[in-house]
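Chemist: for reference, the sequence and a predicted model appear below.
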Protein chains: 2
Amino acid sequence: MSKKIVIIGSGAAGMSAASAARAADPEADITVFTEDRDVAYSPCMIPWVLEGKSTWNEMIMHDPAWYAKERNIKIITETKVESVVNDTPRGAPAVRTVTAGGKTYEYDSLVLATGGKVFIPPIEGTQLPGVFTVRTVKGGQEIEAYLKKSQKVAVAGAGVIGLELALALVNIGKDVTVIEMMDQVIPRIADKDMADPMQAYLESKGVKFMMRTPVQGVIGKDKVEAVNAGGTEVPCDMVIFATGVRANTDIAKELGLDIGQLGALCAAPTLQAYKRGRLCPDIFVCGDVLQCQSAVYPGPTMSQLGSSAVKEGRVAGANAAGAKLEFGPVASPWVSVIGEKQIAGTGMSLGLASWYGVETATGKAAGLTRARYYPGAKELVVKVIADRKTHRLIGAQIIAGEEATGRIDWLTSAILGGITAEEFLVRSENAYCPPTSQVRDVVFAAVEDLVKNL
Amino acid sequence: MSKKIVIIGSGAAGMSAASAARAADPEADITVFTEDRDVAYSPCMIPWVLEGKSTWNEMIMHDPAWYAKERNIKIITETKVESVVNDTPRGAPAVRTVTAGGKTYEYDSLVLATGGKVFIPPIEGTQLPGVFTVRTVKGGQEIEAYLKKSQKVAVAGAGVIGLELALALVNIGKDVTVIEMMDQVIPRIADKDMADPMQAYLESKGVKFMMRTPVQGVIGKDKVEAVNAGGTEVPCDMVIFATGVRANTDIAKELGLDIGQLGALCAAPTLQAYKRGRLCPDIFVCGDVLQCQSAVYPGPTMSQLGSSAVKEGRVAGANAAGAKLEFGPVASPWVSVIGEKQIAGTGMSLGLASWYGVETATGKAAGLTRARYYPGAKELVVKVIADRKTHRLIGAQIIAGEEATGRIDWLTSAILGGITAEEFLVRSENAYCPPTSQVRDVVFAAVEDLVKNL
């Protein structure tokens, strides 16, 4: 009899798990449950579609019919999972069922890819028409429709999604104010000296900012009319919350699975869940609901990125089908394109390092993306961070006019390799051709500066 | 008394050594001897200047006057070093002198950055007007002048410089034929399946190729009139040799320094030369004259790249001034931009692996540089090579419409980290944003394919 695999969640993690399970077991009976209407898309794409650089149809890679036909994967959309049972009593048959849409389904392996919920602060008015989050195609289409009758938009939260969204909306002629509680944009994962130039750039493009300002309420009678930003009433037609994501652990809690220190699901390197410290052989976890192991600190971290979700999903899905893959500690590289600029990072920011109590040293260098004698070279600023005690590289951030991604992936590889700043100078090389790089990349200059400061 | 440092050679290695020596010792007396007229430029830039994308003035970063004023480095140009003495007899004072331009100079540390000579096959006619190499600004300017009265150009050698040059000349309206002895372009460092699409692309742009064809003679009375290409007389006005570089060991031989198996200078990780197996405390080596240690094979390799020269120069120069830096084994990443395409590589090609007797397995994947739902995504083909016995990653090659460099630097970091293909899948991450990358980079798909083939 073929193995029954049930996956809850159809985001990047869930759909990667489904495809990986299929690749690992051509016979398995694979079912995905999702509350979403659409599957197989990247929510990171929503700002660009709102700006008109792509379309909703283009950003959705496949629909459930495609998965049924091409991969023999059954997807049950717009359906909430009502309950999950995982009883494996000693000496008695296991009871493993999922109930959804009034029906009950048996499973042999369960993959929890329940994702995250956008955190909306517990304030008044958030139920009003005109309040949105950026998470699904459906939600994006609702924003698009509401934008037609809106001019002033408040974006709550200056993380990368908030910033990309703010610029996209300014680019289509809206009046946008970003409201951020902290004193810098991208506060969790970027350092202030790297974030401030991005804020200045966005301001030059017309995005307004209210910093050190909590959103304390949404104001309006039948719909959004203003937002209470730190006591100031800011008139607006819409409020979009881009205030971060919390792991959606509802089902996990119902199952009694172990929740980690950061409020997300604990899992072994095989991505099997735990129950009171014991591995669950038949429950796998991936995506925004998973608590990861940090590659730069002996402790937990969150890695709520699309790229992490896909990587985790492939491990969880394959293992749910019987494989023995492992998921390793994460540095969580990220990149954001904001107009003509790119900002990227990996490992710990100074803020996170300080939160973990890690003493740091930093190095920084500025230069160009290409040889300076080749036309079109763009700005490149590289910052690197080491643990002051061990000299290990633990983080890096880049601002660049182009090609930030490859450089941050390179630095991520070095960080995951566990090398010190001094070792980096010996054990790294860069390829050179005038139209693509400098003969000695700015990354080296930054690490050299770091070594001086250690 | 300040330390006397003499550097022979003003290429990327020599000038990096001079600057690094100055940074390490503000007091040292630093003199650079060079036969060249210009210093501080990248020969890789010559094709682009010939094409008109930059100028000779732009490609020269600094002149000797700048070095004298800004860095207190004396450069003696267009001067051949006639003899070098390094006698350190026991119990008697050392004699360490360089004689050049009729004068004799003492030194405490000597840096040999004597570079390479373009290999010109021992055939008839190579002394004729119209025969050139691509190595110096002066030589580039001579090519530029001669091009004014030339239409048909033969390029001998289909390495990356030959290909970049060929396309540059076609782009300014010349009739260009590349003559290559092997059966593929970029024969030493690229595999045939990656090289062939580049050749086809160049053919589509109008470059002609004669493959498996040795240049057997240059024909002409008072100047180049044709080239004998494997017995066929090919009429042409110019012949440009881009046939590789041989280490220039003349001075090293005079000094009795140890020459390695590949015909270049042996050196310790400190880049100190050897004499009959003993370290020379006061002679340092860098650039194209240096034989390196391979990072992917327990043996020697050549790394005649501008980026390697700079890295080596910084170690040799700093150590010549008293520092204790080390230069590590090399994977020698390279990249070449040819029209709208980029080709890059790192570590061993299959050809080199076969030469070294390493059994290999390969993986390959094709995809896009950006999310496929973001406009402007370009082709991306990634090939990875592992040692079949150890599963270690030993090489990679990329063809891409953009951003090959960062990816090859990333793979180089993994290769230098000594990890296996399986470990790469666990211990690598990529940053994602729709305009710069796919959520799961094609690099992962290539390594996954490799793991299947191991």
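Modeler: The structure has been received and is ready for your questions. Numbers count the residues shown, from 1 in each chain, chains lettered A, B, ... in the order given.
Chemist: where does chain A get nearest to chain B, residue-wise?
Modeler: Nearest residue of chain A to chain B, counting by C-beta to the nearest C-beta: A:Gly406, 1.0 Å away. Where C-beta positions appear, they are placed from N, C-alpha and C, glycine not excepted.
Chemist: which residue sits closest to that residue, ignoring its sequence neighbours?
Modeler: Leaving aside its sequence neighbours, A:Gly406 sits nearest to B:Gly406 (C-beta to C-beta, 6 or more residues apart in numbering or on different chains; 1.0 Å).
Chemist: so that neighbour sits against A:Asp409, correct?
Modeler: Yes. Counting by C-beta atoms under 8 Å, A:Asp409 is a contact partner of B:Gly406 at 6.3 Å.
Chemist: quick one: which of these two has more around it?
Modeler: Higher neighbour count among B:Gly406 and A:Asp409: B:Gly406, with 31 against 27, using other C-beta atoms under 10 Å in any protein chain shown.
Chemist: wait, a helix at that one?
Modeler: Yes. Counting by DSSP: H, G, I helix; E, B strand; the rest coil, B:Gly406 is located in a helix.
Chemist: which ones are touching it?
Modeler: The contact partners of B:Gly406, by C-beta atoms under 8 Å, 6 or more residues apart in numbering or on different chains, come to A:Glu403, A:Thr405, A:Gly406, A:Arg407, A:Asp409, A:Trp410.
Chemist: and A:Asp209, that one's in a strand?
Modeler: Just so we're on the same page, residue A:209 is Phe rather than Asp. Yes. With three-state DSSP as the criterion, A:Phe209 is located in a strand.
Chemist: isn't it up against A:Thr177?
Modeler: Yes. Taking contacts as C-beta under 8 Å, A:Phe209 lies within contact range of A:Thr177: 7.3 Å.
Chemist: and the gap between the residue nearest to A:Gly406 and B:Ala371?
Modeler: 16 Å (C-beta to C-beta, to the nearest Å).
Chemist: swap in A:Asp63?
Modeler: A:Asp63 is 18 Å from B:Ala371, by C-beta to C-beta.
Chemist: helix, strand, or coil at the closest residue to A:Ile408 other than its chain neighbours?
Modeler: In this structure, A:Ile408 finds its nearest non-sequential neighbour in A:Ala344, 4.0 Å apart by C-beta to C-beta, 6+ apart. Three-state assignment for A:Ala344 (three-state DSSP): strand.
Chemist: what about A:Ala344, neighbour count?
Modeler: When counting by other C-beta under 10 Å, one arrives at 31 neighbours for A:Ala344.
Chemist: buried residues, stretch A:383-393. List them.
Modeler: By neighbour count with 16 or more other C-beta atoms under 10 Å in any protein chain shown, stretch A:383-393 contains the buried residues A:Lys383, A:Val384, A:Ile385, A:Ala386, A:Asp387, A:Arg388, A:His391, A:Arg392, A:Leu393.
Chemist: mind checking pLDDT for the fourth one?
Modeler: Right, the one you point to is A:Ala386. Predicted confidence (pLDDT) for A:Ala386: 98.
Chemist: which residues in the stretch 351-454 of chain A form helices?
Modeler: All helices of the stretch 351-454 of chain A, identified by DSSP state H, counting those that start in this stretch, fall at A:404-416, A:421-426, A:442-453.
Chemist: please apply the same query to chain A.
Modeler: Taking DSSP state H to define them, one finds helices in chain A at A:12-24, A:46-51, A:56-59, A:64-71, A:137-147, A:160-171, A:192-204, A:250-254, A:306-320, A:350-356, A:404-416, A:421-426, A:442-453.
Chemist: and the last one with helix B:404-416, angle?
Modeler: Compare the direction of helix A:442-453 with that of helix B:404-416 by axes from the mean of the first three to the mean of the last three C-alpha atoms, to 10 degrees and you get 50 degrees.
Chemist: counting contacts, what elements does helix A:442-453 pack onto?
Modeler: strand A:360-368, strand A:379-387, helix A:404-416, helix A:421-426 (3 or more C-beta pairs under 8 Å, 6 or more residues apart in numbering or on different chains; DSSP states H and E).
Chemist: for that helix, list the C-alpha coordinates in PDB.
Modeler: Output in PDB follows, covering the C-alpha atoms of helix A:442-453 (Å, rounded to 0.1, in the frame of the first residue of the first chain):
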ATOM      1  CA  VAL A 442      35.800  45.100  -2.000                       C
ATOM      2  CA  VAL A 443      34.800  42.100   0.200                       C
ATOM      3  CA  PHE A 444      38.600  41.600   0.800                       C
ATOM      4  CA  ALA A 445      39.100  45.200   1.700                       C
ATOM      5  CA  ALA A 446      36.300  45.000   4.200                       C
ATOM      6  CA  VAL A 447      37.700  41.800   5.800                       C
ATOM      7  CA  GLU A 448      41.200  43.400   5.900                       C
ATOM      8  CA  ASP A 449      39.700  46.300   7.800                       C
ATOM      9  CA  LEU A 450      38.000  43.900  10.200                       C
ATOM     10  CA  VAL A 451      41.300  42.100  10.900                       C
ATOM     11  CA  LYS A 452      42.800  45.500  11.800                       C
ATOM     12  CA  ASN A 453      40.000  46.000  14.300                       C
END
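Chemist: quick one: that helix to strand A:360-368, angle?
Modeler: If you take the same axes, to 10 degrees, helix A:442-453 sits at 150 degrees to strand A:360-368.
Chemist: so which bits of helix A:442-453 are buried?
Modeler: Result for helix A:442-453 [16+ other C-beta under 10 Å]: buried residues A:Val442, A:Val443, A:Phe444, A:Ala445, A:Ala446, A:Val447, A:Glu448, A:Asp449, A:Leu450, A:Val451.
Chemist: same question, the shortest one
Modeler: With burial defined by 16+ other C-beta under 10 Å, the residues of helix A:56-59 counted as buried are A:Trp56, A:Glu58, A:Met59.
Chemist: check the residues you listed against A:Ser204 and report the nearest one.
Modeler: Distance ranking of the buried residues of helix A:56-59 against A:Ser204, using C-beta to C-beta, places A:Met59 first at 28.3 Å.
Chemist: mind listing what that closest one touches?
Modeler: Counting by C-beta under 8 Å, 6+ apart, A:Met59 makes contact with A:Tyr41, A:Ser42, A:Met45, A:Ile46, A:Val49, A:Val137, B:Tyr373.
Chemist: make it 6 Å
Modeler: A:Met59 makes contacts with A:Tyr41, A:Met45, A:Val49, B:Tyr373, as judged by C-beta atoms under 6 Å, 6 or more residues apart in numbering or on different chains.
Chemist: next one: A:Phe327
Modeler: Contacts of A:Phe327 (C-beta under 6 Å, 6+ apart): A:Pro269, A:Leu271, A:Glu312, A:Val315.
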